[in-house]
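# when you get a sec, could you give me coordinates for this:
(2 chains)
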Amino acid sequence: MSDYAIQATEVSKSYRIGKLKAAHHTAREALQALAASFLRNRREKSDTLLWALKDVGFTIGQGEVFGIVGKNGSGKSTLLKIMSRITDPTAGKIHLRGRVGSLLEVGTGFHPDLTGRENVYFNGAILGMRKEEINRRFDEIIAFSEIERFIDTPVKYYSSGMYVRLGFSVAAHFDPDIMLVDEVLSVGDIAFQKKCIGRMENIARSGRTIVVVSHNMATMKELCTRAMLLHQGQVTKIGHIDQVMEEYLSQHALESNEKIIEHSNDSVVLENKMAIRRIKLEQGAGQSFRVYWQQAVNLSVDLEIFTPMEDVRFGVYLRDLAGNYLITAYNDHNKGHWQLRPGQYSVKIEFENCLKPGLYLLGLRAHQGDPQTNLLQMEDLYLEILEVSSSGAGSDPKNPALITGIRSEFLCNKLL
Amino acid sequence: MEDKKIKFQASSQEFFIYPLRGWQAINWRELWSYRELFYFLTWKEIKVRYKQTAIGIFWAIIQPFLTMVIFSLFFGKFAKIESEGVPYPVFVYLGLLPWTYFSQSLSRSTECLIGNSSLLRKIYFPRLIIPVSIGLSYLIDFLIAFVILFGVMFYYQFVPQKAIVFMPILIIQTFLCGVGFGFWLSALNVLYRDVRYVVPFLLQIWLFVTPVIYPVSLVDENWRWILSLNPLWGLVEGYRALVIADKPIPYAALGVSAVIILFILITGVYFFRRVEKHFADLV
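Residues are numbered from 1 along each chain as shown, chains lettered A, B, ... in the order given. The predicted model follows:
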C-alpha cells in the first residue's frame, strides 16, 4: 500500500511492573528505590518488564476505517495512546501522514465551571482547532448536539447525556486527516449513537482515515472495513472485519461450552450477596457456545450465595450486537421468586429460542425488589445461533422486538 | 451535506512517532502551530479563577491592596521600617507588585499539571503550554494591580519618573522568572508530590529573603551579595528604582537576576521536556 496514512513498524511498549521506576510519588519512595536498586542485580530488573505491546506492525490506507479488536488488556488502548502521542513507545516507529485528532473520551477537557459555549471553544482548541474554525462551525456543532437551550449554562449542571452530546459534537466537527476513536460510541442513547455513527461514516466518506477501538461488535462491523486483532500485545490477525471478528469470537468467546468465573470482576457483583461461578451450555452444537436455529437453549449456572435472601428474581436475556434486548425470561414465569440461603446452588434454565441465526449476547441478572438495582449482572457471553442447512428453506426468519412471554423453565437446587 | 464541501487534502503535516531518549530541546515549530492554545488556556485560567465569585476580577485588586494596608500598618507604622524616603505604602506596594505576581503564579504552576491530569492522559498537545499559560493568566491580575499603584501614587501626590517607561522590560523579566521556576516545580510535582507541601513553605521563606517589606539598606553589607542571588532581589529593587526619583537603577543586581532567570528558564525547559513523556503515566 503506497498511499498509506499510518504505518507502524515493530511498535513495542513495556511497563516496569512492581518496582515501577516512575511510580515513586514521594521523594522518600524514590530514595528507598534508589537504595534498593544498588542491592538488586540487573537480571532481576528485566524480569519485571511487562510488554503491553510487542512488535506490532500494520499499515492503514488513506480513507480507510480501521478497527482494533481485542480483549481488555490486549493493548488496544495503549496502541491508541501511542498513536495519539500521549505516551511514547519503548521501541518501534509509527509514521503518520496528516493532522491527527483523537476522540479518546468524550468531554475530556470540559471544565465544569465553564458554560457549554465556553467549553466548545476550549475543547476545540485543545483538540487542535483554530479559533476561526470553531467560529465557523459553532452553529453546526450546537445543532448536532441538540442542546441549544443550555449552551450558556455551566456544564456542571448538564446531565451526563448532554455532556456526551456536546463532547462528541465538538470532536466530530474537528476535521483531522486521521481520527482516533476509543470506545466513545458506547455512551449516550441509541438515537444519538446512530447519529454519531452516521457522522463518522460521513467523515470516512470524505476521505479521512479513522481508527476505531470498540467493544461494540455491531458498531465495528457497521463502520470498519478492515481490522486488526490484538492478543496480549501482539497482532494475531489483520484483515477484513468479518474475518477478524470471526477469529476474535472463536478465540475468545465461543471456544468452549462452559465458562468458569474465577474472579468476581468477570461479572458485576453488587453488594456482594451472590456470585456466578460457572455457566455451561448443555446440548449445544458441539463443545461451543452455539445452538441450532429454533433449538431451545439449556443453561446450567452455578451460583454462590453469601447472605440469605428472599424474593430473588433471576433472569436471562439475549441481545443483538447493537445491544437491543430481544429475549428476556425470568424465573417468575413459572415458579415464583426464590428464597436463597448461603451456599451453592445449581440453576437449570431452559428457554425457547425463536431468533434468527446469528451472533447474540447472552446475559444473566438477578435482583431483589426494585428492578433497577442489580444483585448481579453478567453480560459478556456470546451465543451463536447456527443455521440448519436443509430445513427452514424459503423462510426468512426475522427478529421480533422484545419478547418476554416465551416458554422458559427455571429450576433451582441447593447443592451445599 | 457539509462533508462534501470538505475536500481531503494531502496534508503536509506528517510525523514519526519513535521512542524519545534523553534531553529534548523545544520544538518551536510545533509550539507555533499550537499558538492559539496559549491564548485559550490562559483565557480558561482567568475565566475559571473568578467563576462563581461575587466580585470577580476585583480580587486581583483587593489582595495586594489589603496586603499593602496591613504591611503598612504593622511594618511601616508600628515597626517603623524605613522606606527609602517615600511613603511606606508606596514603598511596600512596589515590592508587593512583583512578589504577589511571582508567588501566585508559582503556587498555581506547581499544581497545574496534576490539576489537568484528565487532559494529559487523553490528549496530546505541547505540555510546556500549561505552565506558560499560568504565567500569562496572572499577568492580567498583575496589570490590574498596577492600577492600584497609580492610585496610591496619586494619593501620596507622588510623581513617577520618566524611567517608568522601562517597566515592560521588568514585567517581562518577572514573567520569565515565574515561568522558569514554574517549569521546574510543575514537573517536579508530577514526579514527587512532596513538592506541593514544600512550595508554600518555600514561598514564605522567599518573601523574607526578598526586600519587599524592608529596604536593602537594612541588610548587613556582607549578606547582600548572597541574597542578591535571589532573582527577585534585583527585580524588586528595579521596580522601585523606576518609580522612586533619587534611587539609582540597580544594573548589577538586575543583571545577576537576568542571568539566573535565564539559567532557571533554560534548565527548567530541558528538565520539563525530559520528564514530559512520563506525565501521562504519572499524573
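
# now for the residue sitting nearest the centre point of chain B: which residues touch it?
Note on chain B: the residue nearest the mean C-alpha position is B:G178, at 3.0 Å, using C-alpha atoms, centre = their mean. The contact partners of B:G178, by C-beta atoms under 8 Å, 6 or more residues apart in numbering or on different chains, come to B:101-102, B:105-106, B:109, B:135, B:138. Glycine gets a C-beta too; all of them are placed from N, C-alpha and C.

# and the gap between B:L136 and A:Q234?
46 Å (C-beta to C-beta, to the nearest Å).

# more neighbours, those two?
The residue with the greater number of neighbours, taking B:L136 and A:Q234 and applying other C-beta atoms under 10 Å in any protein chain shown, is B:L136; the counts read 21 against 16.

# can you pull the pLDDT of the more buried one?
Per-residue confidence at B:L136 stands at 96 (pLDDT).

# repeat for A:F122
As summarised for this prediction, A:F122 has a pLDDT of 89.

# state whether B:R224 is indeed within a strand.
No - according to DSSP: H, G, I helix; E, B strand; the rest coil, B:R224 belongs to no strand; its state is helix.

# tell me how far it lies from chain A.
Note on B:R224: its distance to chain A, by C-beta to the nearest C-beta, to the nearest Å, is 33 Å.

# so who does that residue touch?
B:V216.

# do B:L242 as well
With contacts defined as C-beta under 8 Å, 6+ apart, B:L242 is in contact with B:160-161, B:163-164, B:166-167, B:170, B:249.

# change it to 7 Å
The contact partners of B:L242, taken as C-beta atoms under 7 Å, 6 or more residues apart in numbering or on different chains, are B:161, B:163-164, B:166-167, B:170.

# also B:Y155?
Contact analysis of B:Y155 by C-beta under 7 Å, 6+ apart lists nothing.

# in space, what's closest to the residue nearest to the centre of chain B - neighbours in sequence excluded?
Among residues not flanking B:G178 along the chain, B:S105 sits closest, at 4.0 Å (C-beta to C-beta, 6 or more residues apart in numbering or on different chains).

# looking at the helix or strand the one you found falls within now, give me its mean pLDDT.
Element membership of B:S105, judged by DSSP states H and E, is helix B:88-115. For helix B:88-115, the mean pLDDT works out to 93.

# please identify the buried residues of it?
When burial is assessed from 16 or more other C-beta atoms under 10 Å in any protein chain shown, helix B:88-115 yields the following buried residues: B:88-115.

# tell me which other helices or strands it touches.
Here helix B:88-115 touches helix B:59-71, helix B:129-155, helix B:167-191, helix B:195-208, helix B:231-243, going by 3 or more C-beta pairs under 7 Å, 6 or more residues apart in numbering or on different chains; DSSP states H and E.

# pull out the buried residues from the longest one.
The neighbour-count check on helix B:129-155 (16+ other C-beta under 10 Å) flags B:129-142, B:145, B:148-149, B:152-153 as buried.

# what's the burial count for B:I266?
Residue neighbour count, defined by other C-beta under 10 Å, stands at 13 for B:I266.

# next, the angle helix B:231-243 makes with the helix or strand harbouring it.
Secondary-structure element containing B:I266, defined by DSSP H and E: helix B:251-276. Angle between the axes of helix B:251-276 and helix B:231-243 is 140 degrees (criterion: axes from the mean of the first three to the mean of the last three C-alpha atoms, to 10 degrees).

# show me where the stretch 301-416 of chain A has strands.
When secondary structure is read from DSSP state E, counting those that start in this stretch, the stretch 301-416 of chain A shows strands at A:309-319, A:325-330, A:338-340, A:343-351, A:358-368, A:374-386, A:408-414.

# ok, the third one: who's next to it in the sheet?
Strands that pair with strand A:338-340, judged by DSSP bridges, come out as strand A:309-319 (antiparallel).

# what mean pLDDT does the partner strand get?
Taken as a whole, strand A:309-319 carries a mean pLDDT of 85.

# can you show me the CA trace of it as PDB?
Once non-C-alpha atoms are left out, strand A:309-319 reads as follows in PDB (Å, rounded to 0.1, in the frame of the first residue of the first chain):
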ATOM      1  CA  MET A 309     -32.200 -13.600  50.600                       C
ATOM      2  CA  GLU A 310     -35.900 -13.600  49.800                       C
ATOM      3  CA  ASP A 311     -37.700 -12.800  46.600                       C
ATOM      4  CA  VAL A 312     -34.800 -13.100  44.300                       C
ATOM      5  CA  ARG A 313     -35.700 -12.500  40.700                       C
ATOM      6  CA  PHE A 314     -33.300 -14.200  38.300                       C
ATOM      7  CA  GLY A 315     -33.400 -13.900  34.600                       C
ATOM      8  CA  VAL A 316     -31.600 -14.500  31.300                       C
ATOM      9  CA  TYR A 317     -31.700 -12.300  28.300                       C
ATOM     10  CA  LEU A 318     -30.400 -12.200  24.700                       C
ATOM     11  CA  ARG A 319     -29.400  -9.000  23.000                       C
END
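
# pLDDT-wise, which helix or strand of chain A ranks last?
Using mean pLDDT, DSSP states H and E, the weakest-scoring helix or strand in chain A turns out to be helix A:42-47, at a mean of 48.

# flag every residue of chain B that's near chain A.
Taking C-beta under 7 Å from any C-beta of the partner chain, the part of chain B that reaches chain A is made up of B:2-3, B:6, B:8, B:11, B:13-20, B:36-37, B:40, B:44, B:47-48, B:51-52, B:118-119, B:121-125, B:192-194, B:277-278, B:280-282.

# filter the residues you listed down to just the ones in helices.
In helices, defined here by DSSP state H, the members of the residues of chain B next to chain A are B:2-3, B:36-37, B:40, B:44, B:47-48, B:118-119, B:121-122, B:280-282.

# just the angle between the helix holding B:S105 and helix B:251-276, please?
Using the same axes, to 10 degrees, the interaxial angle of helix B:88-115 with respect to helix B:251-276 works out to 10 degrees.

# from the chain's centroid, how far away is helix B:88-115?
7 Å (C-alpha atoms, centre = their mean, to the nearest Å).

# domains in chain A, as residue ranges please.
What automatic domain parsing lists as the domains of chain A is A:4-11+A:55-252, A:258-414.

# just say which of the ones you listed is most tucked in.
Highest mean neighbour count of the domains of chain A: domain A:4-11+A:55-252, a mean of 20 (counted as mean count of other C-beta atoms under 10 Å in any protein chain shown).

# got phi/psi on the closest residue to B:V86 other than its chain neighbours?
Spatial nearest neighbour of B:V86, chain neighbours left out: B:I244 (5.4 Å); criterion: C-beta to C-beta, 6+ apart. B:I244 has phi and psi values of phi -80, psi 130 when expressed as degrees, to the nearest 10.

# hang on, the earlier thing: closest to A:L230 out of the helices and strands packed on helix B:88-115?
Across these, A:L230 has its closest neighbour in helix B:167-191 (29.3 Å, C-beta to C-beta).

# on that earlier part again, show me what the helix holding B:I266 is packed against.
helix B:167-191, helix B:231-243.

# just the CA trace of the shortest one, in CSV.
Extracted C-alpha coordinates of helix B:231-243, given in CSV (Å, rounded to 0.1, in the frame of the first residue of the first chain):
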residue,chain,number,x,y,z
PRO,B,231,16.5,36.7,41.2
LEU,B,232,13.6,38.6,42.8
TRP,B,233,16.1,40.8,44.7
GLY,B,234,17.2,42.7,41.6
LEU,B,235,13.6,42.8,40.3
VAL,B,236,12.1,44.4,43.4
GLU,B,237,14.9,46.8,43.5
GLY,B,238,14.4,47.5,39.8
TYR,B,239,10.6,48.3,40.2
ARG,B,240,11.4,50.7,43.0
ALA,B,241,14.2,52.4,41.1
LEU,B,242,11.9,53.1,38.1
VAL,B,243,9.5,54.9,40.3
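
# thank you kindly, that will do.
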